[in-house]
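> Below is the sequence, then the predicted model.
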Amino acid sequence: RRKWKWKWRRMLRRERRAAEEQERRQQQRRPRGDESGLQRSSGALGRLPSNRAKAGELMEPAGLSLGLVAALMVALSVLVVGGVDSRTGTAAAELPDGKHRKLEMDQAVLSVYNELSNELAVSWLSDHCYQCKFQNLGKVPSEKLGEHQQKQPGNSTFAISTKHPITIQLNMTVEVCRVHESFGELGHYSLWLTKANLSEANGSVTYKIIIDKEPINNNLPILYAFLAYLGLAIFVCLGQFLQGLSPVKNLLSRLSNQVEMERLINSELGSPIHAADSTGPSNLVPGHNAGSRRLRSLDTLRGFALVIMIFVNYGGGRYWFFKHESWNGLTIADLVFPWFVFIMGTSIALSLNSALQVHRSKWKLLVKVAWRTAALILLGIFIINPNYCKGPLSWDTLRIPGVLQRLGLTYGVVAVLEVLCGKGYPESLGLDNWWSPARDVLLYWPQWIVILLLECVWLCLTFLLPVPGCPRGYLGPGGIGDFGQFANCTGGAAGYIDRLVFGEKHIYQHPSCTILYKTTVPFDPENLLGLINSIVMAFLGLQAGKIFLIYKGQNKQIVLRFLFWSILLGVISAILTKCSKDRGFIPVNKNLWSFSYVTTLSSFAYMLLLLIYSVVDIKKYWTGTPFYYPGMNSILVYVGHEVFEHYFPFRWKMFNDRSHGEHLAQNLLATTIWVFISYVLYKKKIFWKI
C-alpha cells in the first residue's frame with residue numbers, strides 16, 4: 001500500500017507540474033491587454049461582441065464571502081450603536097400641555113405662549129410645499145389672570161414637522177406676525193409673543209424662540225453606517241493586497257495544493273485526469289463562448305441601481321431624502337429606476353447586435369421580445385402587487401400599472417425598434433463619409449424619427465389635452481398646491497388618462513404628494529402617459545450601447561462620446577427647468593416622468609457609466625464588487641425582495657419603531673442579505689433571465 005501511495009503521489013506531482021507549465025506558456029502567449037476583468041458570457045444582457053476569441057478568467061476578489069458576511073454584522077452594529085437612541089424614548093413623555101402624546105419621527109414640540117389680549121390662530125407652511133395654502137395648527141388663548149391677580153400668558157402645544165424649514169403664521173383678525181425657522185427632531189421649543197411697547201394698546205408685536213430641550217441629531221446613524229461600511233471596504237481591500245503578495249500567494253498555493261493532493265489520494269474517484277481538469281476554465285458559466293466578452297461596468301451599474309432601489313423600497317431608514325420627492329425635484333430614491341431603464345436600453349443594443357450579426361430570423365427575435373414583454377407584465381400584475389394578500393384574484397382593487405409593467409412595455413417598444421432598424425456590424429459603416437463623427441445617430445435615423453414623434457405625442461397630450469375642471473397643461477400636484485385652486489387636478493393630463501383608462505380603483509392610491517400637498521385623488525407614478533418618456537429614457541441607453549458597438553476597442557472615443565451626451569442632455573435640462581426646482585418650463589418630476597426628468601437622469605447616467613466603465617473595464621482598478629453580483633441576477637433579486645419584504649430576516653418587530661437608527665439598521669441588513677444571496681447564486685452559477 002505504501003509503494004502504491006508513493007507512486008500515486010509521484011504521478012500527481014508530474015501531472016500538476018505539466019498543468020502549471022502549460023498554464024504558464026498560455027499566459028506568456030496571452031496579449032497584454034487581455035486580463036481577467038471582463039467575464040465571457042452568453043447571457044442576453046450586457047454582451048459586447050468581439051471578432052477574436054479572448055482568453056480570460058473571472059476576477060474574483062479574495063475573501064469576498066467573508067466580507068459580505070461581515071457586512072451583515074456591520075448593519076447590526078448600526079443598530080447597536082445608532083439604532084437605539086436613549087433620547088428617542090422621551091418622545092413618549094408628557095408634553096408641556098399635559099397631554100400624553102407620542103411624537104412621530106421628524107417631529108418636534110412647539111409651545112406657543114400668548115401675552116396678548118386676543119386669541120391667536122396658528123397655522124404653518126413648509127418651505128418644500130410650492131405655492132401652498134397655510135395649514136391650521138390650532139388656537140392659542142389670550143393671557144388671563146391667575147392667582148394673586150397676576151397675568152399669565154395663554155399657551156398651547158403643537159407637534160410640528162422637522163423635515164424642512166417651515167413658516168409659522170399667527171393671526172388675530174389680521175396677521176400678527178410670521179416666524180420662519182428650522183426645527184430639530186424631538187426638540188422642545190417655546191415661542192413667546194408679547195407687545196413691543198406695553199403702553200400702546202395696538203403696538204407692534206415681538207416674538208422670541210427658546211429651546212427648552214435640545215433636538216437629537218438624527219443623521220448620526222447614517223454617519224455610523226458609512227464609517228462601518230467604509231471600514232469593511234478597507235478591510236477587504238487590505239485582504240486582497242496581502243493575498244497578492246508573492247510570499248502569501250505561494251503559501252496559500254502550497255496549502256491548497258497539499259489539501260487537494262490529500263483529497264485525491266484518499267478518494268476513490270481521484271485521477272490525474274480530474275486533477276488536470278481542475279485547472280481549466282471550469283469556473284466559467286456554462287454556455288459562455290470565447291467570441292464575446294461581458295461588460296462588467298454594465299452589470300455593476302445595474303447592480304448599483306438595484307441595491308439602492310432595494311434599500312429605498314424597504315424604507316431607507318425613514319429619512320425623507322431616501323423617499324420619493326413629494327412632487328417636483330429629486331431625491332436619492334428618484335434616481336435609481338431611470339438608471340435601471342437606461343441600462344436595460346444599453347443591454348438591448350449589445351444583446352440584439354449579437355443576434356443580428358449571425359443573421360438570426362427577425363421573426364424569431366420579435367417572438368422572443370414579445371415573450372419577455374409579456375413575462376415582465378404578468379410578473380408585475382400577479383406577483384409584485386400590493387393587493388396580493390387580499391386574494392389571488394382581487395380584481396376590484398388590482399393595481400394595473402407598476403414597475404415591472406413599465407419595464408416590460410418599455411423593453412418591448414425599444415427592442416422592436418432595434419430588431420427592425422438595427423445593424424449587425426455598425427462599426428464598419430459610414431467610415432469614409434463626411435458625417436462619420438455623427439454616425440452613431442445618423443445610421444439609425446428611422447429610430448430617431450420614431451422617438452421624436454413619440455415625444456411630440458407626449459408634449460401634445462400633456463399641454464393640449466382638455467382635462468375637466470383643470471387648466472390645460474397643468475403639471476401640478478393639486479390638493480393645497482397652487483393655493484388650492486385645482487385640488488382634484490393631481491398630475492393633469494397624466495392622471496386624467498389613467499383614471500379614464502384604468503379607473504380610480506386600479507391605480508396607485510397613495511402617491512408621494514398625499515402627505516405634503518394633502519391630495520385626495522389617486523395618482524399612479526407609473527402612469528400610461530409617462531411610459532412614452534420611459535421609452536425615450538431606454539432609447540438614450542440604447543444610444544450608449546451603440547457607442548460601445550461603433551467605437552469598439554476605441555476607449556478614448558467611447559469616453560468622449562459619453563461625456564458629450566452627458567453635457568448635451570444636461571444643457572437641455574437646464575433650459576427646460578431654468579435651473580430651478582418649480583419655475584421652469586417643464587420641471588423635473590418623477591411622478592410625471594417629465595421630459596426634463598428623463599434628460600437630467602440620462603445626463604447623470606452617461607456620466608456615471610463613463611466613470612464606472614473607465615474604472616472597471618478600462619483601468620481595472622475595481623472589479624465592480626459587490627454591485628456586480630446583484631446586477632447579474634437583477635430580475636430574481638428584484639422579485640425576491642418584493643415578495644419577501646415582510647418576512648424575517650428582512651423585517652422584524654422593533655424595540656423602538658420611532659428611531660431612524662433602528663429602521664436604518666433593518667433596511668441596511670435586508671439590503672446586505674440580498675447582496676449576499678446574489679453572491680451565493682453567482683457562485684452556484686444560478687442566473688434567472690427572462
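Nice, I can see it. Residues are numbered from 1 along each chain as shown.

> tell me which element Asn218 falls in.
Assigned by DSSP states H and E, Asn218 belongs to neither a helix nor a strand.

> how close does it get to Ser659?
From Asn218 across to Ser659, the span is 9 Å (Cβ to Cβ, to the nearest Å). C-betas here are computed from N, CA, C, even on glycine.

> quick one: low-confidence parts of the stretch 351-500 of the chain?
Along the stretch 351-500 of the chain, the model assigns pLDDT under 70 to residues 385-394, 428-432.

> show me where it has helices.
362-382, 403-421, 439-442, 445-464, 493-501 (DSSP state H, counting those that start in this stretch).

> residues of the shortest one that come out buried?
Along helix 439-442, these residues count as buried under the neighbour rule (16 or more other Cβ atoms under 10 Å): Arg439, Asp440.

> still on that earlier bit, quickly list what's touching both of Asn218 and Ser659.
Common contacts of Asn218 and Ser659 (Cβ atoms under 8 Å, 6 or more residues apart in numbering): Met105.

> quick revisit: between the helices of the stretch 351-500 of the chain, which one is closest to Thr397.
helix 362-382 (12.8 Å; Cβ to Cβ).

> ok, residues contacting the closest one?
352, 355, 388, 392, 398, 400, 402-405, 407-409, 411-412, 415-416, 419-420, 639, 690.

> one step back: now distance to Tyr621 too, for the helices of the stretch 351-500 of the chain, in a markdown table please.
Output for those, formatted as a markdown table (distance: least, Cβ to Cβ, whole Å):
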| stretch | distance to Tyr621 |
| --- | --- |
| helix 362-382 | 34 |
| helix 403-421 | 31 |
| helix 439-442 | 27 |
| helix 445-464 | 35 |
| helix 493-501 | 43 |
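
> Flag the shaky bits of the stretch 101-250 of the chain, pLDDT-wise.
Ranges of the stretch 101-250 of the chain meeting pLDDT under 70: 101, 146-149, 196-203.

> For it, just list every one of the helices.
Under DSSP H, counting those that start in this stretch, the stretch 101-250 of the chain gives helices at 220-244, 246-265.

> May I see the buried residues of the first one?
Neighbour-count burial for helix 220-244 flags Pro221, Ile222, Tyr224, Ala225, Ala228, Tyr229, Leu232, Val236, Gly239, Gln240 (criterion: 16+ other Cβ under 10 Å).

> ok now do the second one, which residues does it touch?
Neighbour list for Ile222: Gly317, Tyr319, Leu664 [criterion: Cβ under 8 Å, 6+ apart].

> TSV please, covering the residues you listed and showing neighbour count, pLDDT and distance to Lys362.
Below are the contacts of Ile222 laid out as TSV (neighbours: other Cβ atoms under 10 Å; pLDDT from 0 to 100; distance: Cβ to Cβ, whole Å):
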residue	neighbour count	pLDDT	distance to Lys362
Gly317	29	91	48
Tyr319	23	93	48
Leu664	27	93	50
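
> right, and Val521 touches Gly476 too?
No: Val521 is not in contact with Gly476 according to Cβ atoms under 8 Å; the separation is 11.9 Å.

> can you pull up the bridge partners for the nearest residue to Val109 once chain neighbours are set aside?
Sequence neighbours aside, His188 is the residue nearest to Val109 in space, at 4.5 Å (criterion: Cβ to Cβ, 6 or more residues apart in numbering). Using DSSP bridges, the beta-bridge partners of His188 come out as Val109, Lys213.

> Next, count neighbours for His188.
Using other Cβ atoms under 10 Å, the number of residues around His188 comes to 22.

> Same check on Gln509?
Count around Gln509 with other Cβ under 10 Å applied: 15.

> Hmm, it is touching Pro522, no?
Yes: between Gln509 and Pro522 there is a contact under Cβ under 8 Å: 5.0 Å.

> Just list the residues touching the residue nearest to Val109, thanks.
Applying Cβ under 8 Å, 6+ apart, the residues near His188 are Pro96, Ala108, Val109, Ser111, Ile211, Asp212, Lys213.

> again, but for His506
Taking Cβ under 8 Å, 6+ apart as the definition, contacts of His506 comprise Thr397, Leu398, Arg399, Ile400.

> again with Ile686
Asn633.

> List the buried residues in stretch 160-174.
Here stretch 160-174 shows Ile160, Ser161, Thr162, Lys163, Ile166, Ile168, Gln169, Leu170, Asn171 as buried, counting by 16+ other Cβ under 10 Å.

> mind checking how far that stretch is from the chain centre?
34 Å (Cα atoms, centre = their mean, to the nearest Å).

> next one: stretch 135-151
For stretch 135-151 - counting by Cα atoms, centre = their mean - the centre lies 50 Å from the chain centre.

> ok, and what's touching it?
112-125, 152-156, 158, 160, 168, 170, 480, 518.

> next one: stretch 559-576
With Cβ under 8 Å, 6+ apart, stretch 559-576 has contacts from 440, 540, 543-544, 547, 551, 584-586, 588, 595-596, 599-600, 602-604, 606-607, 609-610, 613-614, 618.

> Just the buried ones out of the residues you listed, please.
440, 540, 543-544, 547, 551, 584, 586, 588, 595-596, 599-600, 602-604, 606-607, 609-610, 613-614.

> Show me where the stretch 101-250 of the chain has its strands.
All strands of the stretch 101-250 of the chain, identified by DSSP state E, counting those that start in this stretch, fall at 107-114, 120-126, 135-140, 144-145, 151-152, 154-161, 166-171, 175-181, 188-195, 205-213.

> The fourth one pairs with which strands, parallel or anti?
Under the criterion DSSP bridges, strand 144-145 sits next to strand 151-152 (antiparallel) in its sheet.

> What is the neighbour count of the nearest residue to Tyr474 once chain neighbours are set aside?
Sequence neighbours aside, Gly492 is the residue nearest to Tyr474 in space, at 3.8 Å (criterion: Cβ to Cβ, 6+ apart). Per other Cβ under 10 Å, the neighbour tally for Gly492 reads 25.
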